[in-house]
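*Asks:* show me the folded form of this:
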Amino acid sequence: MTGEKRVMGKERELKAKRKDGTEVHIELSLSEVETSDGDERIFVGVIRDLSRRKAHEREIRLGQQATERKTRMVTGIIHASPDSLFQINSKGIIQTVNKTA
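*Replies:* The predicted model follows:
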C-alpha cells in the first residue's frame, strides 16, 4: 500500500483469479480506519464478486442485440416488398413505411 488518497474510499472494478484459476470480475474498495489512539494506521479492503451482475448485464446486452437484429430484419422485409407495407408499434404509431405504400 502506498497510502495515497487516490485509491482510498473509491471502488474499482478489476479482474481477479479464483483458487481454481478461473477469472472473476470483482469490485475492490479500500478504506483507512483510524484507531482510537491515532498512532496506528489500519487499512480495510472489501472485495465483492460481480459475477452475477456481469452475467445479468450480458443477458441484457444480448437481448438488446437480438431486438435490434429483429428490427433490422423487419425493416428490410418491409422496404424490399413490392406490396404496400407499414409497421405500427404497440401504441398505434406508424414506425416504418415502404416506398410503395
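
*Asks:* can you read off the pLDDT for Asn89?
*Replies:* Here, the pLDDT recorded for Asn89 equals 89.

*Asks:* surely it meets Gln95?
*Replies:* Yes - the criterion here is Cβ atoms under 8 Å, and Asn89 meets it with Gln95 at 5.2 Å. C-beta coordinates here come from the backbone N, C-alpha and C atoms, glycine included.

*Asks:* average model confidence for the biggest strand by length in the chain?
*Replies:* Longest strand in the chain, counting residues (DSSP state E): strand 23-34. Averaged over strand 23-34, pLDDT sits at 91.

*Asks:* the helices in this protein, which residues?
*Replies:* Using DSSP state H, the helices assigned to the chain run over residues 51-80.

*Asks:* quick check: most distant residue from the centroid of it.
*Replies:* Ranked by distance from the centre of the chain (Cα atoms, centre = their mean), the top residue is Asp37, with 43.3 Å.

*Asks:* quick check: phi and psi at it.
*Replies:* With angles defined as degrees, to the nearest 10, Asp37 sits at phi -90, psi -10.

*Asks:* contacts only, for it.
*Replies:* Applying Cβ atoms under 8 Å, 6 or more residues apart in numbering to Asp37 gives no contacts.

*Asks:* and the closest residue in space to Val74 that isn't next to it in sequence, how many neighbours?
*Replies:* Spatial nearest neighbour of Val74, chain neighbours left out: Gln87 (6.3 Å); criterion: Cβ to Cβ, 6 or more residues apart in numbering. Applying other Cβ atoms under 10 Å, we find 15 residues neighbouring Gln87.
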